[in-house]
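Asker: below are the sequence and a predicted model; questions follow.
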Amino acid sequence: MGPGFLALSPAERTVRLAGIATAPWFTTLAELAAEGYYADPGNGGNRDERSWVMLGYEPRLPGSR
Amino acid sequence: MRDSYDCIVVGAGAAGPIVAVLVAEAGKTVLLLERGAPLTYALDPRRDHLRNQRFSEYGHNAGPAVDGNPRVLVTPSGKERIIRPHEAGYQNNAAAVGGGTAVYGGQAWRFLPDDFRMASRYGVPAGSSLTDWPISYDDLAPFYEQAEWQIGVSGDGTGNPNQGPRSKPYPMPAVPPNATTAVLKRGAEAIGITTFTPPLLINTEPRDGRAACIQCGSCVGFTCPSNGKNGTQNTVLPRALATGLCDLVSGAMVEQVDTDASGDVIGATFLEGRDGAITRRSVKAKIIVVSAGAIESARLLQLSRSKLHPNGLGNAHGQVGLNLQGHYYPTAYGLFDEPLYDPHGPGVTIATTDFNHGNDGVVGGGMLADDFIMLPIIFWKQALPPDLPRWGQAAKDFVRGNYRRVLQVKGPVHEIPIAECRVELDPNITDRFGLPVARLSGVAHLETVRTASYMLGRARQWVEAAGAIRQWSWEPGARLSGGQHQAGTCRMGDDPAGSVTDKWGRVWGHDNLFVTDGSLHPTNGGFNPVLTIMAMAFRNGAHIAAQL
């Protein structure tokens, strides 16, 4: 992602990432991040089901929020 | 366990426990062997969105285990790849008590009358092994009814204008509509296709001492929180065990069907792995029933090699393992202005069978319906438009804005079988018990791909007519088919040289060896096949019990 990435604004980061978006390591990393973000919290990501609240998924299992 | 049984059934999936209950309730002893473990919501309520039948890149909650259960896939170019159960190309169904029925969505379709006579209706395409079933819809209809009433189906018995004759309604009313139903109904009316509520193996009211569906919205891939989804594990299996005549052993991998010095079938030998050690037991029985799914049943018959049966049992004519098929599943996604997400499951609410037959220029067709409620990770993996970036703000904005505004229409295509799609034993690779694994090869017949492409067009037409502001889909390509709807590898027929069993699932050359599961299907219908597998088990199981 290059030096100084963390200091960039979100828009600048997007421009920087667009330059590497088709690199295999990056597409793999993006899929892993999405899996953690959109899957169940039992897998260690999506804390407090925040992605589910964002997109509007409503689990209806016993004990669901 | 007893020293010997009247009957041994290999596999406690969609068919095996049905045979077991019919034998046991006839007063005979039966040993039911299952390689997988018990699987219920009470045992493990977790919804693992990364390890289930719709997304399995990290494993399968319903088995088999990632390690120790490989298969070999031969690619069209002849390259061999070792595939683990969670990897693409394995063609997994499940390894658990109840098999796939413990975690399925439970669409409960009867095949149509013409599904049993595809060769007569369409002719045999060059290079295909298309054939008629040796039985008709009318032969199977009473057993469809037994499956619907004894396992438990909800549905609208008068809704399907293309169905064969039925003498009773479904035992439970159909599932209620949801937010997508009216949208797709509108589209169907615009293009003049008939629709109705699909039948499901799900309780819409309390039945047989178990609760109704609580509409949790996560049927496919998971056990049921209310136990209101009907599989074999919570219906016929407890009935069989209650007789005291049926013993169930899970974690039991059958190594071979045993034969004596004359080549006659006398029992089965199974392996159990406990604490790092493998134990082996041989049990005698008067009748053996193989019910392990199309890939594993074909594998077991081939594993049962001996001096008199050098290619395995029922394989004197090299028919075992041919004609592997499943279902291509063309799917059209549509984006709508209006929100149409509804959290109330199961989610399948509207179907048409108008395109199962009589389509210009293609052989057969298939049913189309909406689908079970989509988990967010499945939306990400399967439902994003192909031109959408899969990273960054654009991807996140699409998911945030549209998860509740996308619907899909999809359906199983009646495949045109081809002998070259096959299951053999691999000469080199073995499983955790040291048994040669299944070796899968072949690609679907071109007519299957053409019908799939045609059905995708019909699905897109329906989505468009419903008012989608945008739609997307993927054209089908030639590949090996199998998976959860796997079928065809021990086809039944009237000719011993061109099939593996007779019309009762009795393996040619053996009076007391039967197969009953999807392996028997000469063709696999344009529908989810499980009710047909169950109906065949009721039919063949009654025949088997009458022999004892």
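Answerer: Done, it's in.
Asker: what score does residue 43 have for pLDDT?
Answerer: I'll assume chain A. Reading off the confidence values, A:Asn43 has pLDDT 97.
Asker: the chain in question should be chain B.
Answerer: Residue-level confidence at B:Leu43 comes out at 94, pLDDT.
Asker: could you do the one 10 residues further on as well?
Answerer: Looking at B:Gln53, its pLDDT reads 93.
Asker: could you do B:Gln91 as well?
Answerer: Per-residue confidence at B:Gln91 stands at 98 (pLDDT).
Asker: so which residues on the stretch 1-150 of chain B come close to chain A?
Answerer: For the stretch 1-150 of chain B, the residues in contact with chain A under the definition C-beta under 8 Å from any C-beta of the partner chain are B:45-50. (C-beta placed from N, C-alpha, C; glycine too.)
Asker: let me know the closest of those residues to A:Pro59.
Answerer: Comparing the residues of the stretch 1-150 of chain B next to chain A against A:Pro59 with C-beta to C-beta places B:Arg47 closest, at 7.7 Å.
Asker: out of the residues of the stretch 1-150 of chain B next to chain A, who's nearest B:Gly526?
Answerer: Using C-beta to C-beta as the measure, the one of these that approaches B:Gly526 most closely is B:His49, at 29.6 Å.
Asker: quick check: the closest one vs B:Ser226, distance?
Answerer: Shown here: B:His49 relative to B:Ser226, a distance of 20 Å by C-beta to C-beta, to the nearest Å.
Asker: of those two, which one has the most company?
Answerer: Neighbours per residue (other C-beta atoms under 10 Å in any protein chain shown) separate B:His49 from B:Ser226, with B:His49 holding more: 24 against 17.
Asker: verify the stated contact: that one with B:Phe55.
Answerer: Yes. With contacts counted by C-beta atoms under 8 Å, B:His49 reaches B:Phe55, the gap being 6.7 Å.
Asker: between those two, which contacts overlap?
Answerer: Taking C-beta atoms under 8 Å, 6 or more residues apart in numbering or on different chains as the contact definition, B:His49 and B:Phe55 share the neighbouring residues B:375, B:377-378.
Asker: tell me, which of these make contact with chain A?
Answerer: Okay, of those touching chain A (C-beta under 8 Å from any C-beta), that's B:375, B:377.
Asker: from the shared contacts of B:His49 and B:Phe55, which ones fall inside helices?
Answerer: Filtering those for membership in helices, criterion DSSP state H, returns B:377-378.
Asker: in a markdown table: the shared contacts of B:His49 and B:Phe55, plus neighbour count and pLDDT.
Answerer: Listed next are the shared contacts of B:His49 and B:Phe55 as a markdown table, based on neighbours: other C-beta atoms under 10 Å in any protein chain shown; pLDDT from 0 to 100:
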| residue | neighbour count | pLDDT |
| --- | --- | --- |
| B:Leu375 | 25 | 97 |
| B:Ile377 | 24 | 98 |
| B:Ile378 | 20 | 97 |
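Asker: would TSV of the shared contacts of B:His49 and B:Phe55 with distance to B:Val283 be doable?
Answerer: Converted to TSV, the shared contacts of B:His49 and B:Phe55 look like this (distance: C-beta to C-beta, whole Å):
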residue	distance to B:Val283
B:Leu375	42
B:Ile377	43
B:Ile378	42
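Asker: next up, phi/psi of B:Ile287, please.
Answerer: Backbone geometry at B:Ile287, expressed as degrees, to the nearest 10, gives phi -130, psi 140.
Asker: from B:Thr523, how far out is it?
Answerer: Distance of B:Ile287 to B:Thr523, given as C-beta to C-beta: 27 Å.
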